[in-house]
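1. Provided below for reference: sequence and predicted model.
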Amino acid sequence: MERARPGCGAGAQLYGLPDWVTHDAHLFEKYLAEFTGKPEIKALEIGAFEGRSAIWFMDHILTGTNSEITTIDVFTMEGLEDRFDRNIVASGHASQIKKIKGEILGGEIGRASCRERV
């Protein structure tokens, strides 16, 4: 059964697993400090999963006005896209997080290396 978990984004209750960023937050904050609070920063996340890392970046790094993050995922797992959408809305960052639903190249994920695709 899916449970709501305490989350970021103004105390939102987010669904799914814990985010994949918090355990290394000190590294992200250290190396991305120059972007924190700056206006109009644009970020790209490849592999959005449940949206929790995008929310973390909005709460901690992309805090300047008009900053946003674009996430790309194939959302192949059952219910994943729905959890992503609910988490983004619950976070209060829906207007700053753009979702792109991609397709799997060649019908399979991870079969070809980058070199084979060039």
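-> That came through, no problem.

2. Please report the number of neighbouring residues for Asp24.
-> Burial measure for Asp24: 10 neighbouring residues, criterion other CB atoms under 10 Å. Glycine gets a C-beta too; all of them are placed from N, C-alpha and C.

3. got a list of what Ile61 touches?
-> Neighbouring residues of Ile61 by CB atoms under 8 Å, 6 or more residues apart in numbering: 28-29, 32, 35-36, 41, 43.

4. Please indicate which of these are buried?
-> 28, 41, 43 (16 or more other CB atoms under 10 Å).

5. Helices - which of these land there?
-> Among the buried ones among the contacts of Ile61, the members found in helices (DSSP state H) are Phe28.

6. The buried ones among the contacts of Ile61 into a markdown table, with extra columns for pLDDT and distance to Ile100?
-> Formatted as a markdown table, the buried ones among the contacts of Ile61 follow (pLDDT from 0 to 100; distance: CB to CB, whole Å):
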| residue | pLDDT | distance to Ile100 |
| --- | --- | --- |
| Phe28 | 94 | 22 |
| Ile41 | 98 | 18 |
| Ala43 | 97 | 13 |
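
7. Out of the buried ones among the contacts of Ile61, which is nearest to Ser91?
-> Ala43 (15.1 Å; CB to CB).

8. Chain neighbours aside, what residue packs nearest to that closest one?
-> Among residues not flanking Ala43 along the chain, Ile69 sits closest, at 4.3 Å (CB to CB, 6 or more residues apart in numbering).

9. Thr70 too?
-> Distances taken as CB to CB, 6+ apart put Lys98 closest to Thr70, at 4.4 Å, once the chain neighbours are dropped.
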